[in-house]
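> Curious how this folds, go ahead:
(2 chains)
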Amino acid sequence: AQSVTQLGSHVSVSEGALVLLRCNYSSSVPPYLFWYVQYPNQGLQLLLKYTTGATLVKGINGFEAEFKKSETSFHLTKPSAHMSDAAEYFCAVLPEDYKLSFGAGTTVTVRA
Amino acid sequence: DTAVSQTPKYLVTQMGNDKSIKCEQNLGHDTMYWYKQDSKKFLKIMFSYNNKELIINETVPNRFSPKSPDKAHLNLHINSLELGDSAVYFCASIGLNTEAFFGQGTRLTVV
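Numbers count the residues shown, from 1 in each chain, chains lettered A, B, ... in the order given. Alright, predicted model coming up:
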């Protein structure tokens, strides 16, 4: 079964600092990969996705992620954190059987 | 127009009751899901339907029964509610572009 592992359940950054959230997936065949964000009391919103092609994927709100097959990783970054980035972030994998599975999530707090 | 809508948004009920949560999507997607999000924010897949056919049925108590009257609707019925069923339940749909859209969630509290 496909799975994703998010390293670090909590990340705290200063406003303006780099945000780095780590995600590794387990698969012999590269699946579709996603990052979702969840703001308090809301549903999940897609930040970006990797399907095929370019390994550096740009998403909304200044986020981007790089797919590295050799490392089975799909880490999410944002060069400069904003207070509005405080939220829960989920890495997800969609294999061929369409069983969309999520990592445990990373809570991001942004310090002024 | 809301892409994926769930009702109700909040549900407070007593142990032993039966309740339903409804979900509708207007995106024309073939595949829909139910997820349970616990207090630690972990998202666990429960069920998935593709064009009204059950394709994923995780290890969920049989008190939970999904029903899909058509491909735009996926409802979740829960019998004999227990305290441990308290959680936020999310409906989602996914199309050929592989992007999943989520509803706003239903916060179920069993007392």
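> And for residue A:76, the neighbour number?
The tally of other residues near residue A:76 (other Cβ atoms under 10 Å in any protein chain shown) stands at 24. The C-beta positions use only the backbone N, C-alpha and C, and glycine is treated the same way.
> swap in residue A:72?
Considering only other Cβ under 10 Å, residue A:72 is surrounded by 16 other residues.
> how about the residues of chain B that lie near chain A?
Within chain B, the positions adjacent to chain A are B:4, B:31, B:33, B:40-43, B:45, B:48, B:50, B:55-56, B:90, B:92, B:94, B:98-105 by Cβ under 8 Å from any Cβ of the partner chain.
> Now do the contacts for whichever residue of chain A sits closest to chain B.
Nearest to chain B in chain A, going by Cβ to the nearest Cβ, is residue A:43, at a distance of 3.8 Å. Going by Cβ atoms under 8 Å, 6 or more residues apart in numbering or on different chains, residue A:43 touches B:4, B:90, B:102-105.
> among the residues of chain B next to chain A, which are in helices?
Within the residues of chain B next to chain A, no residue falls in helices by DSSP state H.
> Take those and keep only those in strands.
B:4, B:31, B:33, B:43, B:45, B:48, B:50, B:55-56, B:90, B:92, B:94, B:100-102 (DSSP state E).
> Show me just the buried residues among those residues.
The neighbour count (16 or more other Cβ atoms under 10 Å in any protein chain shown) marks B:4, B:31, B:33, B:43, B:45, B:48, B:50, B:56, B:90, B:92, B:94, B:100-102 as buried among these.
> of all the contacts of residue A:43, which comes closest to residue A:104?
Residue A:104 has its nearest neighbour among those in residue B:90, at 15.7 Å by Cβ to Cβ.
> and the residue nearest to that closest one when sequence neighbours are not counted, how many residues sit next to it?
Closest residue to residue B:90 apart from its sequence neighbours, by Cβ to Cβ, 6 or more residues apart in numbering or on different chains: residue B:35 at 4.5 Å. Residues lying near residue B:35 (other Cβ under 10 Å) number 25.
> For the closest residue to chain A within chain B, list the residues it contacts.
For chain B and chain A, the shortest gap (Cβ to the nearest Cβ) falls at residue B:102, measuring 3.8 Å. For residue B:102, the contacting residues are A:36, A:43-45, B:4, B:90-92, by Cβ under 8 Å, 6+ apart.
> and the gap between it and residue A:82?
23 Å (Cβ to Cβ, to the nearest Å).
> picking that back up, please find the angle between the direction vectors of the helix or strand that contains the residue nearest to residue B:90 and strand B:43-50.
Assigned by DSSP states H and E, residue B:35 belongs to strand B:31-37. Orientation check (axes from the mean of the first three to the mean of the last three Cα atoms, to 10 degrees): strand B:31-37 against strand B:43-50 gives 160 degrees.
> That's all I had, so thanks and see you.
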